[in-house]
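Asks: coords please:
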Amino acid sequence: MFVETLEAISTAVSVAELSDKTFPTFKRLFKRIKDGELAIAIFGAGGTGKSTLGKYLSGKLENSQLSSGYQESISIEKYILDSNVIGSAIVVPGQERRQDSWDDLLRTISQGKISLIINVVSWGYHSFGELSYQQSSLYKSGITNQEFLKVYTEEHRQEELQALTKIIPHLSVADSKKRKILLITLVTKQDLWWHDRLKIQDYYQKGEYENKIQAIRNKLGSSNFIHEYCSASLVLENFISGENELLVPTTQGYDERLKFANLRNFLNVIESLCEISFGKKGE
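Replies: Residues are numbered from 1 along each chain as shown. Sure, this is the predicted structure:
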């Protein structure tokens, strides 16, 4: 689920070197999308990082945007891939009232027109928007921010399960005759929960979330469905409320090298799934 130690990537490897090694993978994935071979749908509850992931996969996550606040997605977002708009990564709104966008894309998945589905979760660290944590409906007078955070993340992990539950019926009947159904669960905001990574890994891989994944596998058959767990930090930043109240700082010791190593691992998983489904692609 993650690249765990710096030794695994060599302490001598710099961020620049990791970035350079990642670029060829980006290039091959872009080519698949431009050629119309790879279509990616990104699902997940609101505030988990879907929009940021779309920008990352499309190569449009600029340094100036890294610390920008969470903005609610109000429609299906398509991201331009390199130069010409030939393919796109699709991001679906997490807010329940936008059922039209969800349903349109869910129908597309059922018809087998999407090559890869990425379901984004974040251990309940869902972005706040513009609110103070004390303005949240989950806040009770007199509780500390840590007590609030426990309630907040537990509630939002339930939202993650609900978001997955919504797509299960559509994945379970997806047309797998043309190609295998490929699903990645991406646990984002790695820099916030890194010290608890084994606990987080067990939660997703051995609990109710995995039971829901197994339900899809049972319906489609293991030969028609492939699922992988990955995790990453798309942006290194503290977990703060909409009024800049610090709730969780980034984990001490989690640095850019770990970030790039895990992003590279995520891209490698995407590419390996593509090779299973479509065969290898040249540079």
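Asks: Just the helices from the stretch 51-200 of the chain, written as ranges.
Replies: Counting by DSSP state H, counting those that start in this stretch, the stretch 51-200 of the chain has helices at residues 99-110, 145-172, 190-193, 197-206.
Asks: so what's the residue nearest the centre of the chain bridging to?
Replies: Centroid-nearest residue in the chain, with Cα atoms, centre = their mean: residue 120, separated by 3.3 Å. Counting by DSSP bridges, residue 120 is bridged to residue 44, residue 186.
Asks: Run a quick check on it versus residue 47, I expect a contact.
Replies: No - Residue 120 is beyond contact range of residue 47, at 9.8 Å (criterion: Cβ atoms under 8 Å). C-beta coordinates here come from the backbone N, C-alpha and C atoms, glycine included.
Asks: what about the residue nearest to the centre of the chain, distance to residue 234?
Replies: 10 Å (Cβ to Cβ, to the nearest Å).
Asks: overlap in contacts of these two?
Replies: Taking Cβ atoms under 8 Å, 6 or more residues apart in numbering as the criterion, residue 120 and residue 234 both touch 49, 53, 188.
Asks: Could you dump those residues into TSV with pLDDT and distance to residue 240 added?
Replies: Output for the shared contacts of residue 120 and residue 234, formatted as TSV (pLDDT from 0 to 100; distance: Cβ to Cβ, whole Å):
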residue	pLDDT	distance to residue 240
49	90	15
53	88	20
188	98	16
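Asks: out of these, who's nearest residue 41?
Replies: residue 53 (11.4 Å; Cβ to Cβ).
Asks: how many neighbours does that closest one have?
Replies: 24 (other Cβ atoms under 10 Å).
Asks: Am I right that residue 227 is in a strand?
Replies: Yes - assigned with DSSP: H, G, I helix; E, B strand; the rest coil, residue 227 falls within a strand.
Asks: if you skip the residues just before and after it, what's nearest to it?
Replies: With sequence-adjacent residues excluded and distances taken as Cβ to Cβ, 6 or more residues apart in numbering, residue 227 is closest to residue 183, at 4.6 Å.
Asks: ok, that neighbour - contacts?
Replies: Counting by Cβ under 8 Å, 6+ apart, residue 183 touches 116-119, 171, 213, 216, 225-228.
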